[in-house]
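[1] coordinates only, no sequence provided:
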C-alpha cells in the first residue's frame, strides 16, 4: 500500500509557509500534498464536482451520463490519482462512508445555483465545519465573489469558517472568483483582477487558493498604469500565472487554477503547460474531466499531472 | 510517494464492523490501517511511548539514552514502518508540528505515575479531544483498570471521551489493563480476566482494544468452572489469544496486544508468533522497541510485522 | 539585548491618560511605546501594510517587487526600528510564528478592496480578537469611515471589538478615514473633518488614533463659521496638526498620521516636520516606506524617527 | 530604551522546541527570554514571591521588613535585571498597573497555606487565565505535588489551565514539587524523583519546568536498580542536574531550579555553579533574594546571572 | 462632602413612583437625587457633554478651549455642585478612574455625528451596560428620535438596553428628541410633539426623561384640534412645561429639560424660570455651561440650581 512517508524537502518547505497554523492543519495539508500520483512533489491536481448545484444536472452530466452518479466522481479521482476530491455536502455524504480513507475529501461549504436572477451574486452556506469532521474531510472549500456588492458578507462568513476550521485542524481552500456589478465580463478573468482576488483570499487566511487562468485584459485603470509603468509581463499565460502566484504572498501560498469551460484535449493541455511554466501549484479540473468518458478522463488527468510533475 | 489507495477487501471488511460510526471515524481507522508496512493487511503494529510518565524517565530511557528525546520515538515509528505512534500530550506536542502528516498519531488521554501510593489505581486525564484535533491525531487512547474500585469513574470518563471523539470523527483505542484491589497479581493477566477486559472495552465503544498477552491462569472461580465445562482451550498463547479475540465481539473489534516488559528478541518473536497464530490484529510494542539500539529496534519491529503479515 | 526597562516619565504620563484601562491594556501600550528606536520617547513610527488588500498587489508591490513577500515587511519594520508592524490576518499569519517576540504586531481587523463599486463604503471584518491573541499581537486595528451611510454599523462593530479586546488586555488603533456620500472629495482631508474624525474615534474608545495629514480646506459650513470666529490657525500643517491633536481629548490620546500616497523623500520629510512641529505623536507610513528599495526605506524611516525624536 | 530585537540563534532554537504552540505562546516565551540581563542567552533568572501565602508573612518578610510591601519585589526584580517576576494574584494586582510593561509577570494560579493539617497536600486554585490577561502577564504558574494522593486532581486542573492559557497565547510554568504520602521526606528531593517530576510536568504540557536542586538520594527501588545498572552519574549536583534536564525531553524543555531555603551567599553561588554546569536553564530564587537587604539581593541576583551567562 | 443621609420625603415620594424596579435601580436613582447642591430636593441639574461627538470638536470647544480636555468637564460638574455628569464612552473612560466616587456618572450609550448625510437619523450604539458597570456609572443614557423612519429600531435597542441595565441595578435616562422625515423643523419642538415624546420615553421604561423646552407651535392637526377643544394652556413656557410633565405619567416620571443652543445668561435664566414654574424636575445644560469661562459657568449653574431649589 503506502511505504513509510518521509516528507520531501518540497513539502517541508510548503508547510513552513503556514507556520502560524496548528499541527492538525499542517497534517491535513500534508495529507493532500502526499496523496495520489503527485504525492511529495508539492503539486496538486484536484477533481471538483459542484457543477450539478452551480449549473444544473443536465448541463453538467448529460455529456457523460455515468456522471449523474456520485460514486462515479470519487472513483474517477481515485483512479486518476488525484490529490483530493471536492464536492458539496450531498455528493460527499453519498460516498464518504464507502470511500473512507481512500482519498482526501474537500467539503465545498457554499454553493450558488442559477435559477434565481440576482444583481449581486452570493453563494449560500450549505455545509459546516462539523460536517467536514463528520465526513472525515481533509479541507473545507468556500467561494468568494470579489466584485459583488455582497463581497463583505462573503468575506466575513469565510473568515468565521476559516477560524472555526483551523480550530479543529482543518485547512481551507478558497475559490476566488471575481464577479458582480463592480466588474465587466472581461474583467472577471483580467490578470490584474485575478491577481487581486488571489491576494484577497490569501489575506483572509486561505491555505489553498483557486483562481481562473488569467487573461491578458487589464480591468482597473489604476492597475493598468502600474502594469505599464513597471513593464509587468502579461503576454503569455505563463507570464500572467507568474504574476498571480507572486501576488499570493510571493508564492508562499498554494495557488491552483481551474480548468474552466470544457474544451478539447490539446487546448486543455496547452493551457496546463502555460500554468505549469508560470509556477502554478496545480489544477482543479472538473468539467474537462468528468464530462469525458472515464478512460479518456483518467488519461487526461494523468497527462495533466505529468506536466506538473515535470515543471521547474 | 504513495500510489492511489484502493481499499483492500480486508480493510473493507474491518470497516464494515463499525457500521454505526461516521465516515470520519472510519476514515481515521482507515488511515491507521492503510499506513506503514502493514498497510492494507488489516494488521497493525503501533509504537506506544508513555513509560516516561508511567514508570519515570530513567527506568524507561536509560537503557537507550537517545530515547530521552521525543523526536527519537516518532522517527523510530516512521523508520520501522509502524501504523501509528501513541504518546501522552507532551511527547506529541514536542513533535506533531515537525512530523505533521508523516504518521498517524494517537493521543494518550490519561496517564498515571508511580510516585504516589494508592489502593485503587486510576489515571489522570491529561489531554482532550480538542488537543487531538489540534495536533492532527488519528485517534485518542485511554486506559481503564477493570478490577479497580475506581473503575466506574474511568468507564464513565472514557464513555464521555469516546462520544466527544466520535462527534469529530476520531476513533478510540482503549488500553484494557485489569488491575486493582479486586484482582490477585496473577489475575491481572489471567486469560478469563483479559478476555473479560476486552469485552468491557468493546461494550464501552472502543474501536481498537489493547490487552496484555493472556496467561494460562484462570482468576475467577465462576469463570474457571465454565472454561472447564466447555473445554475452552487455553494451553497455548494462540489458544488464549483466540479466546480473547472471540471475546471482543467474535473478532469484530480490532484487538491488539502489548509487548509487556522488556525481554530478549527470541522471546519477543516467540510471543508474537503465538499472538499472530491466535488471530491477534497486531502488537503495540513500546519498551521492547525503544529500549533497544535503533537499528535493532527497527529490525525487531519489522520482524514482528513480517510475522503478522504472514499470519492466517 | 534589552536592558532593564525603567519607564520614562513621558511614557508614564501617556499611560496615565488611560486610567480606566486594565494593566493588560497598558502593558501592551507600553510594549509599543518601549519598542524600537523611539522607545521611551512617547513617539511612534509604525509600518502598516494593508495596501495589498485595499489597492491590489501590483499597485502596492510592483514598485519594489520584494514587497510581494510577507517576510519583507516585518523584517523592514524590525530593521528600521519601528515601534510596531500592522497588517491584515494573512500577512501576519505568514510571519507571526517565525518573528514571535521580535516586534509588536497590530492585527488590522477590517479591510476593504476596490473591486466592487459601492456608494456607501464599509470594510469587511476579516479577523478577530481571538486571532490577535493567537498571533501574539500587541493591538488590534480597525478602520472607520465617518461620512459613510454605513458609519453607524462600523462604529458599532468597532465598539464591540474594542470591548472584547479590552477584556483580554489588548488596546485598539483606529484608522479614522472620513469618506462617503456625506463628504466632498476635498472634505475627506479637510481640517475640520479630520479633527472631527479624531474626536469620534476617541469617544468610541480608541487608544491610538490614525488620521491623514489635514489640509487647509474647511468642509462643514457650521465649522467654518467657528474656525473664523475664533481664529483657529490652520495655515500651516503644524497648525492643523495641533488642532487635530487638541481635538483628541486635548492631546490625551495618541494621534498618529498616515503618510498617504507615495511621494519623493523631501516631500515626505517636509510633511513629517510639519506633523512633528504640530505635536503629532508619530507617523504610520506604508507606501512611502515599502515601495522604496529597502536601504532607502530604512534610511527614510530612520530620518522620520529622528524628526520625531527631536520634536518638542 | 530597547534596540531592535534580532532574535539570537539560541532563543530561536529554544522556541523551535515548542513547534506545536501558537505564535502567541512563543511571543510570550520570547518576551521572557529577551528581557533583563540574560536577554537572548537562553538563560533565565526569575524572582518568585509566593512565600507570604505559602509560609506566612513573618516567616517570609520579617528578615527584611521592606519586603512586606508588594512594590518592593517587582522593583527588586526590575533593578536586578530578572527575566520575570512571579507572584499570586494579590501581589500582582497591587503592582501590575503601575509597572505595566516594565517586566514580564507570571501569575501563580494555585497556592497552599500551612494553617491546615492535611495528609494529601493540594493547592487551591487562586487565580484564572482571564486574570493573567487582565493583568498583562506573560505566563501563568501552577504547582503540582507528584506523590500526593490528590496528584490526579492537580494534573487535571493544570491540564485544563494549560489548554485555556494556550488558547489565548499564554505559556505555563509548572512548579513540580514531589510531596505527599507516597514519598519519604528525603524522597522529595531524590534525584530519581526530581527527574520523574520534571518528566511528568513536560508530559502535561508545561513550557517551563521548575524543580528543586536534586540530592544524591534515590527513592524508588526500581529506579535505584536502573541508576546502578546503567551507571547514571549522580555524585555531583552538576551530574544530577544533567539527568533532570535530560529527563525533560532531552533538554528540549526549559528547566529551571529553585533556590530553596535561605542560605549564605557562598552556599547559594556554589549551588548555582553546580546547576549551571549541569545545563540548568536558570534559577528561580525567592527567599535567598528578598530576605536580604536590597543592595545585597541585587548583587546576589546579578552574580547568579553572571554564572549562568558564562555557563557552556 | 455629604452628611449622613436621611432620605427626604420628596426623594422617598419620587422613588415610590418606580415601585416595580429593584432596590439597585432605586439606589442609583437616589445616588443622583442625593448628590450635589440640590441633594434631597428632588430637583436635578446635570452636565452633559456629548457635543464633541454630535457636532464636532471645534464647534463644541473652540469658544472655551479648556473644554477640549475631558478632565475639564467632570471637574466643572463637581465644582458647580451638579447631580451628575453625562458623556459618551471616551470622555468617561478618560476620567472615571481618577474621579472614581466623586460624582454620579451617566454613560451616554448612543451617539450620532454630522459628517454623513442621511434621511432617517439614527444614532450608533457606542457603549454598553457592561461599560457602565466597569466605569462605576449611576445610569445609562440613550437618545431616541421619534419622527425618524428608524424610530422602531431605536425603541427596540433602547428597550433591550433598559432591560439589561435594570437587571444590574442601573436606571436609564432617555434623551427624547423628535426629529426625522415625519416632522417639520418647527415640529421638532412643538409642544404636542414634545409631550408625545415624553410619553413615549416613559412608556418605553425610561426612569428620567430629557426633552427640549417646548415651543408654542402645534404640529399634528389631530392634536391641535384637541388642544383647542379642551383649552389646554400652551401660551407660556410654564404652561407648556406643565403639559409635558403631566404627559409623563402625570408627573410620576422625572422630566428634565435641555438648555439647547448657547445663549446669553439672562435668556438662559429666563427659560429656566419658566421651566421651574411649570414643574420641571431640573435641567441638563451642556453648551450653555462649558462654552463659558469656568467661573461664569459655575456661577450660571449655581443660579440655575437656585431657581429650581426655590420652585414650588
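    Looks like it came in fine. Everything numeric here is computed off the predicted structure, so don't read it as measured data.
[2] using the three-state scheme, assign the residue most central in space within chain A.
    Centroid check for chain A by CA atoms, centre = their mean gives residue A:210 as the closest residue, at 3.7 Å. Following DSSP: H, G, I helix; E, B strand; the rest coil, residue A:210 is assigned to strand.
[3] quick check: end-to-end length of stretch A:69-88?
    This stretch, stretch A:69-88, spans 14 Å end to end (CA to CA, to the nearest Å).
[4] that one and chain B in contact?
    Yes. Counting by CB under 8 Å from any CB of the partner chain, contacts between stretch A:69-88 and chain B involve A:78-79, A:81. Placement of C-beta: from N, CA and C, glycine included.
[5] possible to save the residues you listed as TSV with neighbour count?
    Output for the residues of stretch A:69-88 next to chain B, formatted as TSV (neighbours: other CB atoms under 10 Å in any protein chain shown):
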residue	neighbour count
A:78	20
A:79	16
A:81	21
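[6] of these, which is the nearest to residue E:174?
    Nearest to residue E:174 out of the residues of stretch A:69-88 next to chain B is residue A:78 (CB to CB; 66.5 Å).
[7] what pLDDT, on average, does the helix or strand hosting the closest one get?
    Per DSSP states H and E: residue A:78 is located in helix A:70-80. Averaging pLDDT along helix A:70-80 yields 97.
[8] check which element follows that helix along the chain.
    Downstream of helix A:70-80, the next assigned helix or strand under DSSP H and E is strand A:84-87.
[9] partners of that next one, with directions?
    strand A:44-48 (parallel), strand A:105-108 (parallel) (DSSP bridges).
[10] what sits up against the shortest one?
    I take that to be strand A:105-108. Identification of contacts with strand A:105-108 by CB atoms under 8 Å, 6 or more residues apart in numbering or on different chains yields A:46, A:48, A:50, A:84-89, A:92, A:96, A:126-127, A:131-132, A:135-143, A:173.
[11] and with 6 Å instead?
    With contact meaning CB atoms under 6 Å, 6 or more residues apart in numbering or on different chains, strand A:105-108 is reached by A:50, A:84-86, A:88, A:92, A:127, A:131-132, A:137, A:139-141, A:173.
[12] out of the residues of stretch A:69-88 next to chain B, flag the one nearest to chain C.
    The closest of these to chain C turns out to be residue A:81 (CB to the nearest CB; 30.6 Å).
[13] identify the residue nearest the residue of the stretch 51-200 of chain A found nearest chain E in space, chain neighbours excluded?
    With CB to the nearest CB, the shortest gap between the stretch 51-200 of chain A and chain E falls at residue A:152, namely 17.9 Å. Excluding the flanking residues, the one nearest residue A:152 by CB to CB, 6 or more residues apart in numbering or on different chains is residue C:124, at 3.8 Å.
[14] same question, residue A:174
    Closest residue to residue A:174 in three dimensions, ignoring its sequence neighbours and counting by CB to CB, 6+ apart: residue A:206, at 3.7 Å.
[15] same deal with residue A:126?
    Per CB to CB, 6+ apart, closest to residue A:126 is residue A:111, 5.0 Å.
[16] run through the residues that contact residue A:251.
    residue A:245.
[17] all strands for the stretch 51-200 of chain A, in order.
    Listed in chain order, the strands of the stretch 51-200 of chain A (DSSP state E, counting those that start in this stretch) span A:84-87, A:105-108, A:110-111, A:124-125, A:139-144, A:172-176.
[18] quick revisit: wait, is the residue nearest to residue A:174 part of a helix?
    No. Counting by three-state DSSP, residue A:206 falls outside a helix, being coil.
[19] which one of the contacts of strand A:105-108 is nearest chain C?
    Nearest member of those to chain C, counting by CB to the nearest CB, is residue A:173, at 14.6 Å.
[20] so the closest one bridges to which residues?
    Beta-bridge partners for residue A:173, by DSSP bridges, are residue A:141, residue A:208.
[21] my guess is it contacts residue A:209. True?
    No. Contact between residue A:173 and residue A:209 fails when scored by CB atoms under 6 Å: they sit 7.7 Å apart.
[22] please name the nearest non-neighbouring residue to residue A:189.
    In space, and not counting its chain neighbours, residue A:189 is closest to residue A:215: 4.5 Å by CB to CB, 6+ apart.
[23] still on that earlier bit, ok, the residue nearest to residue A:152 - contacts?
    A:152, A:155-156.
[24] leaving out the residues flanking it, which one is nearest to the residue of chain A most remote from its centre?
    Farthest-out residue of chain A from its mean C-alpha position, per CA atoms, centre = their mean: residue A:229, at 31.6 Å. The spatially closest residue to residue A:229, leaving aside those adjacent along the chain, is residue C:62, at 7.8 Å (CB to CB, 6+ apart).
[25] same question for residue A:94.
    Closest to residue A:94 by CB to CB, 6+ apart is residue A:70, at 3.8 Å.
[26] check the gap between the one you found and chain D for me.
    Note on residue A:70: its distance to chain D, by CB to the nearest CB, to the nearest Å, is 37 Å.
[27] now do the contacts for that residue.
    Contacts of residue A:70 (CB under 6 Å, 6+ apart): A:91, A:94-95.
[28] related to what we said a few turns ago, quick one: distance of the helix holding residue A:78 to the chain centre.
    Counting by CA atoms, centre = their mean, to the nearest Å, helix A:70-80 is centred 17 Å from the centre of its parent chain.
[29] buried ones in it?
    Neighbour-count burial for helix A:70-80, counted by 16 or more other CB atoms under 10 Å in any protein chain shown, picks out A:70, A:72-80.
[30] again, but for stretch A:184-200
    Result for stretch A:184-200 [16+ other CB under 10 Å]: buried residues A:187-200.
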